Every structure is written in C-alpha cells, then in structure tokens.
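Q: Predicted model and sequence follow; I will ask about them next.
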Amino acid sequence: RENKKLEKHFLSQIENTEKIGFSKEEIKASFLKKLFYNLGRVPQVATENDLYKALALTVRDRAFRQFVRSTAEFAQKDARAVAYLSAEYLPGPHLGKNLLNLEITDETREALKELDLDLDEILREEVEPGLGNGGLGRLASCYMDSMATLGVPAIGYGIRYEFGIFNQNIKNGWQSEETDLWLHYGNPWEVVRPEIAYEIKFGGRTEHWVDENDKYQVEWIPDSELKGTAYDTPILGYQSNGIIMRLWKAEAIESFDFSVYNVGDYYKAVEKKMRSENLTKVLYPNDENLSGKELRLKQQYFFVSCSLQDIIRLQLMQGRKLEDLHKKFTIQLNDTHPSIAVAELMRLLVDEHQMEWVDAWNITKNTFAYTNHTLLPEALERWSVGLLGRLLPRHLEIIYEINNRFLNELKERNYNGEQMARMSLIDESGETSVRMAHLATVGSYKVNGVSALHSGLLKKQVLNDFADLWPEKFTNVTNGVDHRRFLGVSNPRLSELISKKIGKHWLTDLMQLHQLEKFSDDKTFQKKWMEIKLQNKKELAAHMEERTGISVDPKMLFDVHVKRIHEYKRQHLKVLHILSLYKRLKNGDDKNIVPTAFIFGGKAAPGYFMAKLIIKLINSVGDLVNNDEQVKDRLKVVFLPNFNVKQAQVVYPAADLSEQISLAGKEASGTGNMKFALNGALTVGTLDGANVEIREEVGDENFFLFGQSTEEVQKTRAEGYRPYKYYEQNEELREVLDLLISGELSDGDKELFRPLYNNLLQQDPYQLLKDYQSYIDKQEEIHKVWSKPGEWAKKSILNVANIGKFSSDRSIKDYCTTIWKIDPVRVED
Ligand code: 73E
C-alpha cells in the first residue's frame with residue numbers, strides 16, 4: 001500500500017480502459033476505478049473494507065454481465081423455469097467463489113500484487129450472509145450454484161433477514177449469542193429493485209357473495225398491510241450463466257397523505273412503519289425444532305406471497321397465459337416452510353384472477369413440488385387453526401376447501417374414518433391444527449426425500465398413507481454439495497494437485513475424480529497428498545490457536561465433529577469416547593491410542609438447554625484434557641466458536657476423520673459428510689442418511705461403520721430399551737458416565753452435568769449407550785489404521801476418487817429429469 005509508483009500511475013491507470021474485461025490489466029483498472037469513484041478513496045488511505053468493497057464491485061459488474069446474458073438467452077428460448085422457494089440460504093462468502101467461477105483468481109491476485117495488496121487478506125474481510133441455520137440453507141445455496149452452472153433457468157426466492165443466524169461466542173465454556181450485523185458495513189453484492197414490490201395483507205375477515213354474473217366472489221378485507229421489496233444478488237455459475245437470488249425485505253406502505261393527519265397520527269404512522277419492518281428483522285435460530293411462533297408464520301406467508309406475485313408478473317409480462325403457469329414454471333418448496341404457497345396460489349388464481357376452483361387447483365397441483373428434509377416429529381410444521389385463521393383468514397378457508405375435496409376423494413375410494421383422520425390436512429387430535437406436510441403433499445405433483453434411506457422412510461413412516469395413495473408422486477433426490485466451493489475454492493492445494501494429475505474437467509464433472517483411483521497406491525502421490533493435508537492442518541491449527549488460544553500439533557489425527565448441536569447428532573457420544581481415552585491414558589494404558597485433536601464446532605438453538613449443556617461439556621472436557629500434563633500431548637479438545645460457511649472452508653480441508661454418528665434413521669441426509677470425504681477425510685459413521693450411499697460409493701473398506709441400523713434401532717425401542725443395563729454391564733462406560741457427575745469436570749460441581757447423565761441413564765432417546773461399545777471398538781481400529789500412513793493415504797485418495805456422485809450438479813440434474821422436466825440452457829463463451 002506504500003507503493004510510490006502507484007500514486008504516479010493511479011490516474012493514468014483508471015483512465016486506461018472502460019472494458020469490463022478479465023485480464024489482469026482490466027481488473028486492476030476496474031478495481032482502482034471502483035475505489036476512486038464508488039468509494040471516494042485512493043489506495044493509500046483505503047481501509048480493508050474499502051478494498052474489499054472495491055474488489056467486490058469489480059467482480060459484481062462481471063457477475064451481472066453473465067446474469068444479463070443468461071436472462072436474455074432464457075427469454076429468447078422461452079424456457080421453462082424453476083422458482084426455488086426457501087426460507088433459508090447460506091451462500092457463504094461470495095468474492096472467492098465468484099473469482100473462481102469467472103476464472104480470474106490468478107489475474108486478480110496478480111493485479112492486486114502490483115498494487116502491493118494481498119488477495120487473501122481482502123478475502124478475509126468478507127462477512128458472510130448467515131441467512132440460514134445449517135444444512136437446509138446451505139443446500140439451497142449449493143443448488144443455486146449448480147443451477148447457474150448447468151444453465152437451469154431459475155430464481156431463488158427468500159427472505160432478506162436484517163439479522164441472520166446469531167454469532168456464537170464461548171464465555172466460560174458456555175455459548176452466548178450475539179446479533180449478526182452482516183449488513184452493517186453495507187452489502188456490495190445486492191441491488192435493490194424498488195419497483196419490484198408487492199403488497200401483503202394480514203388479518204381481518206372475508207366477505208362472500210354471488211355477483212351479477214352468478215359468480216361466487218370472495219373478498220379478503222385485511223386489518224394490516226405492508227409491502228415486500230426485492231433485493232437481488234447475482235449467483236454465478238462456473239464459466240457460464242448467472243441467476244439471481246431474490247430476497248424480500250418488509251417495508252411499510254407509505255402511500256397515504258400525512259397532511260390529513262394530526263401530529264399524533266404521524267407518530268402512529270411511524271410506529272406502524274417500524275412494526276412492518278420488524279417482519280424481516282431476524283432469522284429464527286431453530287434448526288429442526290419449530291415452535292408455532294406468529295412472527296414466523298408471518299415471515300413465511302410474506303415471502304411466499306411476494307414470490308408468487310412476482311412469478312405471476314413474470315408469466316404475464318412475457319405474454320403468456322396464466323392458465324399455462326404450470327407449463328412455464330415449477331415451484332420447488334424447500335421443506336414445508338413455504339408450503340402456505342399452495343393456499344396462496346389458489347387465492348391469487350381464484351380470488352384475484354377470477355379463475356374457476358377446478359382450473360386453479362389443476363394448475364396449483366401441477367406447479368409445486370415438495371422436498372421433505374426431516375422426519376423428526378418436533379420439526380414437522382403444524383399451525384394452529386386459531387393462529388392461522390387470525391392471520392390469514394382466507395387461507396384457512398381455502399385449506400378447509402382443499403381438505404374437503406381431498407377427503408371426498410378418499411371417501412370415494414372407500415377409505416375409512418380412521419384413515420381419513422390420519423391423512424386429513426387438519427389434525428383434530430389435540431389443539432386443532434393444519435399439518436403443513438400434508439398440505440404440501442396434496443398440493444404438489446412430486447414429493448422427494450433427500451437420501452435413499454430418508455426417502456424410503458418417508459414413504460414408510462410420515463407420509464406412508466400418501467405414498468400408498470399416490471406411489472408415483474414419491475421419489476428420491478440424494479443431496480449434493482457445491483464441489484467448486486468446497487474443494488475448488490476452499491482447498492486450493494488439493495485442487496491443484498488433482499488438476500495436475502487429471503486435468504481441470506472435474507470442476508464441471510466430479511465423476512472425473514475416478515481417474516485418481518489408479519494413483520491410490522503410488523507412494524509419491526500418497527506423500528504429496530498427505531503433505532497437502534498437513535499444510536491444511538497447519539492452517540487450521542493457526543486459525544484455532546488465534547480463536548481459542550489452544551495450540552494443537554498438526555501431526556495429530558484431526559478428528560472432527562462440526563454441525564449444529566443436537567442430541568440426535570450425538571456430539572455427546574464423541575465426548576464419551578474422549579473421556580474413555582482420557583481414563584485409559586490416566587491408567588497408563590496407552591496402547592493403540594494415537595495423538596488426536598478432537599475438533600468440534602456448531603451452534604445450539606438459544607432455547608435448547610441440552611444442546612447448550614453439551615457445548616459446556618465439550619469445553620469442560622477440553623479444560624481437563626488440555627491442561628493435564630500427563631495427556632496433553634496425546635489428546636487435545638478444541639471447540640471452534642461460530643461455525644459458519646467461512647470457517648467450514650478452513651475446517652473440511654484439514655480433517656482426517658469425519659464424525660457422522662447420528663442415530664440411524666434421524667439424519668435425513670447430512671451434507672457435511674460429503675464435504676469431508678471430498679477433502680480426503682475418512683468417515684466414521686452410522687448407516688444414516690447419505691452415509692449409506694457414501695459408503696456404497698467409497699467402499700466398505702474405506703469407511704468406518706459402527707452402530708445399529710435403522711431397523712435395529714426400531715427393534716431396540718420396540719423391545720423396551722433400558723439404557724441402565726449397559727451402564728451396569730460395561731465397566732468402562734460406567735466410569736466414563738460417572739465422571740460426568742464426579743465434579744472433576746466442573747470445579748467440584750456434581751450437579752452441572754447431571755441432566756445429561758440422568759437423561760442418558762433413564763431415557764437415552766438417541767441410544768448412545770447401546771451404540772457405545774461398537775463406537776469405541778471402531779475408534780480403536782481407526783487409530784490402528786492411522787498408524788499405517790500408507791494405508792490411510794490410500795483410503796483417503798479412494799474416498800476422493802469415489803465421491804463424484806455427491807456433487808450438487810448431479811442432484812440438480814436429477815431434479816431436472818425426475819421432477820422438473822427441464823432441459824438446461826447452458827450459455828458458454
Ligand atoms: O439431514 C439434514 C439435511 O442434510 C437435515 O437435518 C436438514 O436438511 C439438510 C438438507 O437436506 C434439515 N434442516 C431442517 N430440516 N431438515 C430444518 C427444519 C426447521 C428449521 C430449519 C431447518
């Protein structure tokens with residue numbers, strides 16, 4: 001930044017060219033122009049944030065160019081398009097990804113170097129949009145990338161939360177939450193579209209009458225109204241198209257004349273404005289646990305209505321008929337969060353566009369497709385009829401009408417009362433409520449789960465009656481991940497090695513990784529492979545030391561468990577394993593224990609007591625182990641705070657062992673499992689979610705399987721599971737559990753971890769004690785394999801070589817062929 005030459009050449013450089021090009025010189029010129037004209041800065045006085053923004057704007061220009069080109073192409077072809085409706089997105093940092101997609105990372109690095117600036121430092125400046133909780137939101141973003149890359153005409157609709165997922169701090173071992181101020185320094189990637197805004201109504205009542213043409217009419221007279229304004233962010237594909245993520249922000253409707261009101265009304269109006277804006281203030285931080293909060297339902301309806309109105313506008317704008325909506329659009333519901341869309345589309349077609357019910361229903365049920373992401377009962381959305389009727393009176397009527405017609409259909413097929421009660425959209429067993437999964441299923445032409453196992457269970461359990469009724473409606477699309485981000489961007493060393501060996505084609509066809517298989521025994525290749533892993537581990541170690549003060553030897557086995565903290569994911573089973581090793585080492589029994597760093601990361605929902613206690617436990621175990629002279633060179637425990645996409649990109653490339661240890665039948669798919677294996681980590685896992693398919697692909701000999709299968713879990717439960725039996729019978733397990741209430745982990749406080757202890761001994765709903773020994777045995781085997789570096793390296797290479805299936809490109813192609821019936825329109829230079 002002190003570069004003297006720079007000052008002299010500054011003006012001549014920015015006048016150099018107007019071209020939005022991709023060469024080093026063009027990037028440099030654009031960057032300096034952005035800095036000067038958009039931010040009013042010269043490099044000498046620019047802050048890190050100024051530099052980041054100037055570069056982001058430079059890249060955004062190029063991104064919009066791709067987007068404009070793609071849109072023109074899609075329009076010209078009159079292509080069928082996907083509207084992806086998701087209440088959550090986790091795009092991660094945009095800058096590095098867009099550089100890769102535009103293939104200008106090296107040029108940009110060079111351009112900045114000439115200005116004495118460091119690209120990596122600038123990349124670190126970006127604050128990521130945390131508009132989701134975990135896997136579901138991240139999946140939506142992976143799919144955006146793949147749709148853009150493949151040339152699927154698509155828009156991703158969502159909510160522009162002002163505060164995304166909270167920032168997690170660890171204070172005295174406990175999680176504390178801090179507001180996420182991601183918009184604080186401004187967001188250079190988005191463009192507001194004030195002219196794309198829709199009115200949204202809430203509350204009030206409906207009026208029904210028959211008009212002069214004998215047509216039944218309904219009017220919804222709301223008691224409040226607000227508007228949603230579009231904010232667009234370009235999402236680039238690799239070397240190709242660009243699509244947009246359109247997020248809605250709630251605002252007040254300012255269209256009334258203040259002058260007729262007195263001062264009191266002016267302030268009332270201001271208050272009203274503030275209340276309206278509250279709607280999109282904050283993301284609910286609950287993953288897989290949904291309490292029936294009014295504001296959440298409002299958020300869902302708000303973004304759904306904005307999106308559907310936008311889709312209808314686009315349909316009509318292109319001179320198409322509304323009757324053909326389902327031919328030109330398919331709307332994918334990312335879980336039930338946007339499922340009120342089924343009723344809203346009916347309302348828009350019937351009430352606002354005067355369509356007959358039967359015609360409207362035909363369009364509706366041929367427009368939507370629904371993805372289910374979880375079988376956990378606490379995550380299945382239901383809205384009480386009282387609340388729904390109060391906020392959305394017209395929608396409740398529509399839902400009842402859909403239900404009546406549906407139940408009549410069942411009656412005609414001779415369904416009995418019990419079956420009909422089970423399948424009804426309305427649950428009358430407790431507080432009368434609407435089952436959103438049933439609404440989504442009835443209102444969609446396809447329903448899919450997110451892994452083979454999960455889709456099977458969906459048909460057998462939660463939606464079994466519907467699968468019997470409409471077998472052809474049900475299908476599977478196994479999740480995938482954006483390998484360009486999670487290998488290409490985040491693991492440049494491994495990417496380079498792979499490209500050197502097999503070329504760069506894997507970036508657009510991950511199956512190409514198969515070519516690595518033939519090098520898996522090659523000693524020189526193995527050495528290079530593990531050398532890269534070591535480099536990545538050094539980087540993670542430095543990062544962790546900076547964040548936590550805990551130093552870790554990069555030569556240790558990096559055993560990593562990162563994901564949301566949830567009992568079903570069994571972070572505490574991992575803790576029991578660590579404590580068993582600690583006990584053994586203290587007893588002088590160190591055979592088969594290799595030096596290991598246990599790395600955890602993940603947020604707990606702020607109201608989830610057990611999950612927060614598990615975080616405290618991990619940190620307490622860390623305090624004990626890391627400070628014990630006798631074991632501290634053998635075991636380290638680190639809890640990396642605030643796990644998000646940005647940190648994930650540092651963690652996955654550095655992992656040796658990937659922990660995927662949920663109770664079988666609980667994790668619908670998992671996607672972290674794929675990201676780890678893609679970066680050469682070996683998996684220790686149960687037969688749950690996509691683990692099953694990962695194991696099939698990489699081979700049983702390259703996957704550490706343990707624990708009960710789904711059927712065994714069900715059998716255990718059916719037979720009357722008694723966890724206490726395992727406590728009694730297994731001495732080591734007993735010692736480990738007793739350690740929890742010994743006070744040794746908690747400054748003498750024997751009560752702190754008692755809730756966990758009691759839960760495990762009395763209910764143990766996730767059967768940790770049952771799976772304990774199998775897990776411990778498998779870990780012993782793992783440590784043995786780690787002691788043979790050649791064997792480990794081979795397995796690591798084979799994991800990467802066989803992970804091709806789990807690219808989100810494959811998932812999106814599956815959606816295109818089995819669900820959407822869309823042919824991608826790839827635009828290339
Ligand atoms: O297994 C994951 C899956 O990989 C599943 O738990 C997660 O979705 C991922 C992507 O398919 C998920 N999240 C939610 N439900 N399933 C959820 C539920 C309510 C609020 C927020 C997220």
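A: Great, that's in hand.

Q: near the ligand, which residues of the stretch 1-150 of the chain?
A: Counting by Cβ under 6 Å from any ligand atom, the residues of the stretch 1-150 of the chain close to the ligand are Asn133, Gly135, Leu136, Leu139. In this view, the C-beta of every residue, glycine as well, is placed from N, C-alpha and C.

Q: List only those of these flagged as buried.
A: Among those, those scoring as buried are Asn133, Gly135, Leu136, Leu139 (criterion: 16 or more other Cβ atoms under 10 Å).

Q: How about the contacts made by the second one?
A: Neighbouring residues of Gly135 by Cβ atoms under 8 Å, 6 or more residues apart in numbering: His373, Lys563, Arg564, Ser669, Gly670, Thr671, Gly672.

Q: and if you look at the first one?
A: Shown here is Asn133, whose contacts under the criterion Cβ under 8 Å, 6+ apart are Glu88, Ile165, Leu283, Pro285, Asn286, Asp287, Arg564, Lys603.

Q: Keep only the contacts of Gly135 that also lie close to the ligand.
A: Judged by Cβ under 6 Å from any ligand atom, the overlap between the contacts of Gly135 and the neighbourhood of the ligand comprises His373, Ser669, Gly670, Thr671.

Q: if I've got this straight, the third one is in a helix?
A: It refers to Gly670. No: according to DSSP: H, G, I helix; E, B strand; the rest coil, the state of Gly670 is coil, so it is not within a helix.

Q: now it: how far from Gln660?
A: Remark: distance between Gly670 and Gln660 (Cβ to Cβ, to the nearest Å) = 6 Å.

Q: which residues do those two both contact?
A: In the contact map built from Cβ under 8 Å, 6+ apart, the residues linked to both Gly670 and Gln660 are Asp688, Gly689, Asn691.

Q: Helix, strand or coil: sort out the first one for me.
A: Put simply, Asp688 is coil when judged by three-state DSSP.

Q: Burial check on it, number of neighbours?
A: When neighbours are defined as other Cβ atoms under 10 Å, Asp688 has 28 of them.

Q: now it: how far from the ligand?
A: To the ligand, Asp688 is 9 Å away according to Cβ to the nearest ligand atom, to the nearest Å.

Q: For that residue, which residues are in contact?
A: Contacts were defined as Cβ under 8 Å, 6+ apart; by that measure Asp688 touches Leu453, Gln660, Ser662, Leu663, Ala664, Gly665, Lys666, Glu667, Gly670, Thr710.

Q: So how do I select the buried members of those in ChimeraX?
A: In ChimeraX syntax, the buried subset of these is picked out as below (16+ other Cβ under 10 Å):
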select :453,660,662,663,664,665,666,667,670,710
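
Q: For Lys795, state which of the contacts of Asp688 is nearest.
A: Gln660 (15.6 Å; Cβ to Cβ).

Q: Quick check, pLDDT for the closest one.
A: Predicted confidence (pLDDT) for Gln660: 99.

Q: Beta-bridge partners for the closest residue to it other than its chain neighbours, please?
A: The spatial neighbour of Gln660 that comes closest, neighbours along the chain excluded (Cβ to Cβ, 6 or more residues apart in numbering), is Gly685 at 3.5 Å. Using DSSP bridges, the bridge partners assigned to Gly685 are Gln660, Leu705.

Q: Looks like Gly685 contacts Phe676 (just checking).
A: No: the pair Gly685 and Phe676 does not pass the contact test of Cβ atoms under 8 Å, sitting 9.9 Å apart.

Q: pLDDT averaged over the longest helix seen in the chain - what is it?
A: With DSSP state H setting the assignment, residue counts place helix 48-76 as the longest helix in the chain. Per-residue pLDDT over helix 48-76 has a mean of 92.

Q: Just the buried residues of that helix, please?
A: Buried residues in helix 48-76, defined by neighbour count with 16+ other Cβ under 10 Å: 49-60, 62-64, 66-67, 70, 73-74.

Q: Quick one: list the elements packing against the helix or strand following it.
A: If you walk from helix 48-76 toward the C-terminus, the next helix or strand you reach (DSSP states H and E) is strand 81-85. Contacting strand 81-85 under the criterion 3 or more Cβ pairs under 8 Å, 6 or more residues apart in numbering; DSSP states H and E are the following elements: helix 135-150, strand 154-159, helix 294-317, strand 329-334.

Q: how about 10 Å then?
A: Other elements packing on strand 81-85 under the criterion 3 or more Cβ pairs under 10 Å, 6 or more residues apart in numbering; DSSP states H and E are helix 135-150, strand 154-159, strand 242-251, helix 294-317, strand 329-334, strand 368-371.

Q: Go through the very next helix or strand once past the third one and flag the buried ones.
A: This means strand 242-251. Along the chain past strand 242-251, the next helix or strand (assigned with DSSP H and E) turns out to be helix 263-278. By neighbour count, with 16+ other Cβ under 10 Å as the criterion, the buried positions of helix 263-278 are Lys272, Ser276.

Q: worst-scoring helix or strand of the protein, pLDDT-wise?
A: Lowest by mean pLDDT, DSSP states H and E among the helices and strands of the chain is helix 4-14, with a mean of 51.

Q: Tabulate the CA atom coordinates of the helix or strand just after it in PDB.
A: Using DSSP H and E, the helix or strand that directly follows helix 4-14 along the chain is helix 24-33. Presented in PDB, the C-alpha positions along helix 24-33 are these (Å, rounded to 0.1, in the frame of the first residue of the first chain):
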ATOM      1  CA  LYS A  24      -5.000  -8.600 -15.100                       C
ATOM      2  CA  GLU A  25      -4.800  -5.000 -16.500                       C
ATOM      3  CA  GLU A  26      -8.600  -4.700 -16.900                       C
ATOM      4  CA  ILE A  27      -9.300  -6.000 -13.400                       C
ATOM      5  CA  LYS A  28      -6.700  -3.600 -12.000                       C
ATOM      6  CA  ALA A  29      -8.200  -0.700 -13.800                       C
ATOM      7  CA  SER A  30     -11.700  -1.500 -12.700                       C
ATOM      8  CA  PHE A  31     -10.700  -2.100  -9.100                       C
ATOM      9  CA  LEU A  32      -9.000   1.300  -9.000                       C
ATOM     10  CA  LYS A  33     -12.000   3.000 -10.600                       C
END
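
Q: Which positions in the stretch 301-450 of the chain make contact with the ligand?
A: Proximity of the stretch 301-450 of the chain to the ligand (Cβ under 6 Å from any ligand atom) is limited to residues Asp335, His373, Thr374, Ala379, Val450.

Q: Quick one: low-confidence residue ranges for the stretch 151-300 of the chain.
A: Within the stretch 151-300 of the chain, the stretches with pLDDT under 70 are 254-263.

Q: Burial check on the residue nearest to Gln660, number of neighbours?
A: Close neighbours of Gly685, defined as other Cβ under 10 Å, add up to 28.

Q: repeat for the one 5 residues further on
A: Other residues within reach of Ala690, judged by other Cβ under 10 Å, total 28.

Q: quick one: contacts for it?
A: Taking Cβ atoms under 10 Å, 6 or more residues apart in numbering as the contact definition, Ala690 lies against 450-454, 478-480, 660, 667-671, 673-674, 696-697, 805-806.

Q: Now list the buried members of the contacts of Gly135.
A: With burial judged by 16+ other Cβ under 10 Å, the buried subset of the contacts of Gly135 is His373, Lys563, Arg564, Ser669, Gly670, Thr671, Gly672.
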